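**Q** Coordinates for the following, if possible.
(chains A, B and C)
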Amino acid sequence: MSQSMYEIIKHLFPICRSITGPGIQKSLLYFEKLVPNFKRIKFKSGSKVFDWKIPKEWHVKNGYISGLNKKKYAEFKKNNLHLLNFSRPIKKRVSRKELFKHLYTLKKQPNSIPYVTSYYKKNWGFCMTENQKKKLREKFYDVLIDSKFKSGNLHLSHAVFKGKSKKEIFFSSYLCHPSMANNELSGPAVLIKLAEYIKNKKKLNFTYRFVLLPETIGSICYINKFKESLKKNMICGFNLSCVGDDKAYSHIESRSGNTLADISLEEALKGKKNVKRYSFLRRGSDERQYCSPGVDLPVCGFSRSKYGEFPEYHTSKDNLNFISKNGLKNSFEVMRSIIDTFEKNYYWNSFPKSNILCEPNLGKRNLYPTVSQKKNYGNLNLRMDLIAYSDGKKNLIEISRIIKQPLNKIFSELKLLKKNKIISIAK
Amino acid sequence: MSQSMYEIIKHLFPICRSITGPGIQKSLLYFEKLVPNFKRIKFKSGSKVFDWKIPKEWHVKNGYISGLNKKKYAEFKKNNLHLLNFSRPIKKRVSRKELFKHLYTLKKQPNSIPYVTSYYKKNWGFCMTENQKKKLREKFYDVLIDSKFKSGNLHLSHAVFKGKSKKEIFFSSYLCHPSMANNELSGPAVLIKLAEYIKNKKKLNFTYRFVLLPETIGSICYINKFKESLKKNMICGFNLSCVGDDKAYSHIESRSGNTLADISLEEALKGKKNVKRYSFLRRGSDERQYCSPGVDLPVCGFSRSKYGEFPEYHTSKDNLNFISKNGLKNSFEVMRSIIDTFEKNYYWNSFPKSNILCEPNLGKRNLYPTVSQKKNYGNLNLRMDLIAYSDGKKNLIEISRIIKQPLNKIFSELKLLKKNKIISIAK
Amino acid sequence: MSQSMYEIIKHLFPICRSITGPGIQKSLLYFEKLVPNFKRIKFKSGSKVFDWKIPKEWHVKNGYISGLNKKKYAEFKKNNLHLLNFSRPIKKRVSRKELFKHLYTLKKQPNSIPYVTSYYKKNWGFCMTENQKKKLREKFYDVLIDSKFKSGNLHLSHAVFKGKSKKEIFFSSYLCHPSMANNELSGPAVLIKLAEYIKNKKKLNFTYRFVLLPETIGSICYINKFKESLKKNMICGFNLSCVGDDKAYSHIESRSGNTLADISLEEALKGKKNVKRYSFLRRGSDERQYCSPGVDLPVCGFSRSKYGEFPEYHTSKDNLNFISKNGLKNSFEVMRSIIDTFEKNYYWNSFPKSNILCEPNLGKRNLYPTVSQKKNYGNLNLRMDLIAYSDGKKNLIEISRIIKQPLNKIFSELKLLKKNKIISIAK
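**A** Below is the predicted model of the structure:
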């Protein structure tokens, strides 16, 4: 895969996606070509999944408002956010008053087109900026929405990479949003790079599962189909959403807040600047389904600036300028570090133990200065503290919390101390 | 009962009560007429209760200090607080110096008469304002206290309303204080209204017990007589004191701080302004007896401005102006809401459980907007959160704490979700 | 023993000690004369203890830097801190540049000589003030260090006072530092006074063990020799270091932070001003060995201003002016109060229980005022609270924490209440 995450997003940005229809199908196909392990799964229109019914496919070609002088407004072809997503077809002359009932704007962000949907109730509408709306002063307008609902399928795509253990690490993101960059092309872009990273590993200790789907109805379908297997094998899962900016690192807790996913993410974010932790009460993406009562999967959410917390969210301002290559890369690195930790198998079931009673003589091993002076020993504190707590009873997560050092620093120190036969690892 | 709580207090205010004698007997009779379920219980003077001996009845007719020019001071007939409560009789000419040994004032509140008692050691004395005391400049004064100690009984009154379950909810207040309004005619007034409320209920799931007694010695007598039954059946109890003002809501914890009484009161006060929680170290009323080691009843204290925390406390300024109809009503409502919660039996042994895997489709039930926009969904968060935590393993108190919503809001939401078959209640 | 702690320190201050050699041997002898129960233990040079090898004895006679004009600098005979402690012998003319590689100063404390050591790697060097160093402007200097390493022994000294129980309370301090007062002659001085205090007790419920040794290597030797017995019997131990000033009270936690030593020290320091609690991450003295994994002794550190936290630490400014008689006395008192608490056997296995149901009538026993007024009852709250929590289920430490009163106040109150038969002690 030669494309960068940013290029992937740039390529997919113009497509008008929705929860069903050609937009998401085409987008899924693009990812399946990047990592061919991804396989399509389809759910028939009209079939029942738990409390929901699969909607028909939405096909849309055109849409606009036209003044009597033929001037066009809210043109779908200029920005697909202009259409109420999943809008029913309409071709009609309407009064300004009636039109306004079907217009969506954001008064407080007068230059942004909002992203609005109506999946489960037939409706029509246009979204535009507050300032654009103010220009609509004629008495009548012609509205056109050239859309169709066709029986077909809801599509999603997933890939499973088997490891030595059946225990699974799970990554999920969604692909139903039209032209917005951070929410949500950043999640799929990071996810596909993680899949590629796993694909290229020679040896896997754990099994990895990746899913790309339409939000809500997609994860409900996926849970409906794979519930038993997911519940049996998943030990840790992440919902990736809004991972393309570089402002914060956000952890949206699982329902219990203390799954292995929460612990892993907490550890991975240690030492980062601007880490924000949100309780499950602040949820908003597919963790809502994965953590619902009776489903109870160990999934937490990972975002940079969390959905709903940045003004560009769900507007036309969430564009290619809002995200950055660096933001995407750093998000990838957080998830990759979790994978690495799992693969090293150090994370939660390794219990370091000092081989030596009392403190070891580090000076004779060149691991400590031989002249003892009054000064700050800096990183040597980590060394001494790691030894001091390596009592064979605490795993690395616990030690990391006690000595207040990030796991990655502890890992490299541990390697050194193992090499010097000061510490052994009991499992 | 046509009288309002405020009228009850106004009627009883002038009476000179003490822990024994005609004042408290007359006051108890008044309550027994309001709710005839109340029955009198008597304890003979001189009999032993635990570490204490029942004092004789105190009968008082008159009392004052008189200057040699016949000018009277500290006249009992003008304000019964002027007498040291439970004072022995005296009629004597005394020097100013000797008189001053028997005068009680408050230097820091020079216009307030303090309330002072001496129940268990024979003593005589007068209480007056600091400013009144300053006017006593003659060399000799005649003091008169026309009181008598007679063998008789300590009186208290109680009412038990039997419900389906023998498990009891308990309310206690005290009636031994002379002319003060908040401390303590407010407690008995609220208590009698609660008794009336229970009396008028057609069906009771729980048993309710109400007691009106003299403070300390009264609750000790009551415990002495009913200890086994109280310990066997009481699941929750409240000592009502100083519930007539409208400034704060105070929770004085039981000894352990985590009885069902504490939990119930905490829940009932959620969302109120100016809630204050005091540890048992700040106790001061009959919870001292109910929670004593070996007695261990699940009783906490409920006050508005807590005794000892407002300057008018135990002075002549705790008068009919200090309390308010609104204050009394709001105190009643807090206790009533606890009763209602118990009667609904939802409180601690109901475990709501979602009937649906993954989130339900609320839009199709008109319980959620079908157009999805970027905005604050306000109360709908409560709906979604209640569903999200209805896993059949958490009771309503736990859910209320997790989702940070008061129980009353949760109750009405729960009703709606049950009606819509989204949630069931497991017991 | 007629010497005060201050006099002991003053007497020993001039001696040049190190971890081996005549300085520490002479100093140990002095303590052995003060309390003859102390016995010497020797460890042969070159023998192995855990990860370490006992160094040879260091004998030093003289040392200085001499300019070509014969002016001397960094003279050992003027202040033994001028020599790098454990320096190898040297007699040589060296360039200014080479000399400077062997000079140790403190740039930020330009008038203090630092204390620097090099025990396990042969090295030579001088310590001086930054301002002294600035005067060294000649091109060549003659350096002389007249020291020798001789095969011999590492010396330490200990005393065990047997009590009724084999369970031990342990005190350790170290004596390897040259001319510094607080760190570390204060610890040995307080320790010897505690040993004397124990020696003079007619009856001991517990066994007490005291050790004086060179830091690090000494405690490692001691653990090596007595590990089984220490692990079997020690219930509580303290490492005394920097206990001679009067500024703060510092508690350096044991590794777990909740041993009986931690609890005892926490209780003993309650009510003191300027108490500082440091986690084991801030350790720095022999608790490093006593609490190391696999050794796991219940030892915490006690200091006044903690080592490393005051600027005079490990410099020539840690002199006889830095410590005070009052500081030493107050440190002694803290440790003595812990001993007393153990000897009273009240500490952790006594469960006070009220003999009386409901509150006792304290007035009739003259333990409470008989006239009840509105005022602050001060210490009487302690009395009432102690009774209220004496339910036979909480030990005195728990009660002390609940009622927020120091144990010593609780002890005297308890005595009074026992005498009045209000409370009994269950064990």
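
**Q** can we go C-alpha only for contacts and neighbour counts from here?
**A** Noted.

**Q** Summarise which helices and strands the longest helix anywhere in chain A is packed against.
**A** Looking across chain A with DSSP state H, the single longest helix is helix A:325-344. The elements that helix A:325-344 packs onto, with contact taken as 3 or more Cα pairs under 8 Å, 6 or more residues apart in numbering or on different chains; DSSP states H and E, are helix A:5-12, helix A:187-199, helix A:260-269.

**Q** want to try a markdown table for those helices, with distance to residue C:408 as columns?
**A** Below are the helices and strands packed on helix A:325-344 laid out as a markdown table (distance: least, Cα to Cα, whole Å):
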| stretch | distance to residue C:408 |
| --- | --- |
| helix A:5-12 | 68 |
| helix A:187-199 | 62 |
| helix A:260-269 | 44 |
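
**Q** Please report the distance of the most centrally placed residue in chain A from residue A:173.
**A** Centroid check for chain A by Cα atoms, centre = their mean gives residue A:240 as the closest residue, at 1.0 Å. Distance of residue A:240 to residue A:173, computed by Cα to Cα, to the nearest Å: 5 Å.

**Q** Spell out which residues of chain A are next to chain B.
**A** Applying Cα under 8 Å from any Cα of the partner chain, we find that chain A lies next to chain B at A:50-52, A:114-121, A:220, A:281, A:288-290, A:292-295, A:314.

**Q** residues in contact with residue A:168?
**A** A:206, A:207, A:208, A:209, A:233, A:234, A:235, A:236 (Cα atoms under 8 Å, 6 or more residues apart in numbering or on different chains).

**Q** Please state the backbone phi and psi of it?
**A** phi -110, psi 140 (degrees, to the nearest 10).

**Q** Kindly report the same for residue A:148.
**A** According to degrees, to the nearest 10, residue A:148 has phi -140, psi 150.

**Q** Share the number of residues neighbouring the closest residue to it other than its chain neighbours, please.
**A** Leaving out its chain neighbours, the residue that sits closest to residue A:148 by Cα to Cα, 6 or more residues apart in numbering or on different chains is residue A:59, at 5.1 Å. Residue neighbour count, defined by other Cα atoms under 10 Å in any protein chain shown, stands at 22 for residue A:59.

**Q** what's the span of stretch A:57-76, first residue to last?
**A** 18 Å.

**Q** Each with direction, which strands does the helix or strand harbouring residue A:239 pair with?
**A** Assigned by DSSP states H and E, residue A:239 belongs to strand A:234-240. With DSSP bridges as the test, strand A:234-240 is paired with strand A:168-174 (parallel), strand A:299-303 (parallel).

**Q** If you count contacts, what does the next helix or strand after the longest helix of chain A end up packed against?
**A** Next helix or strand after helix A:325-344 toward the C-terminus (DSSP H and E): strand A:351-354. Judged by 3+ Cα pairs under 8 Å, 6+ apart, strand A:351-354 is in contact with helix A:380-389, strand A:423-426.

**Q** Please work out which residues outside the first one touch it.
**A** Among residues not part of helix A:380-389, those counted as contacts by Cα under 8 Å, 6+ apart are A:353-354, A:359, A:368, A:399, A:403, A:405, A:410, A:413-414, A:423, C:255, C:281, C:288, C:292-293.

**Q** The closest residue to chain C within the stretch 1-150 of chain A and residue A:24, how far apart?
**A** At 42.3 Å from chain C, residue A:5 is the closest residue in the stretch 1-150 of chain A, using Cα to the nearest Cα. Note on residue A:5: its distance to residue A:24, by Cα to Cα, is 18 Å.

**Q** List the neighbouring strands of the helix or strand residue A:154 falls within plus their orientation.
**A** Assigned by DSSP H and E, residue A:154 belongs to strand A:153-161. With DSSP bridges as the test, strand A:153-161 is paired with strand A:39-44 (antiparallel), strand A:207-213 (antiparallel).

**Q** Just name the most buried of those strands.
**A** Neighbour counts (mean count of other Cα atoms under 10 Å in any protein chain shown) averaged over each of those peak at strand A:207-213, with a mean of 24.

**Q** can you map out the strands along the stretch 1-150 of chain A?
**A** Listed in chain order, the strands of the stretch 1-150 of chain A (DSSP state E, counting those that start in this stretch) span A:39-44, A:48-49, A:52-53, A:57-67, A:72-73, A:90-95, A:103-104, A:126-127, A:140-150.

**Q** The ones you listed into TSV, with extra columns for mean pLDDT and distance to residue A:394?
**A** What follows is the strands of the stretch 1-150 of chain A, written out as TSV (pLDDT from 0 to 100; distance: least, Cα to Cα, whole Å):
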stretch	mean pLDDT	distance to residue A:394
strand A:39-44	98	41
strand A:48-49	94	44
strand A:52-53	94	46
strand A:57-67	96	53
strand A:72-73	96	64
strand A:90-95	96	65
strand A:103-104	96	56
strand A:126-127	96	56
strand A:140-150	97	58
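
**Q** Single out the most deeply packed of the ones you listed.
**A** Highest mean neighbour count among the strands of the stretch 1-150 of chain A (mean count of other Cα under 10 Å): strand A:126-127, with a mean of 29.

**Q** contacting residues around it?
**A** Contacting residues not belonging to strand A:126-127 are listed as A:64, A:74, A:81-84, A:102-105, A:113-116 [Cα under 8 Å, 6+ apart].

**Q** Which one of the residues you listed is nearest to chain B?
**A** Comparing the contacts of strand A:126-127 against chain B with Cα to the nearest Cα picks out residue A:116 as the nearest, at 5.1 Å.
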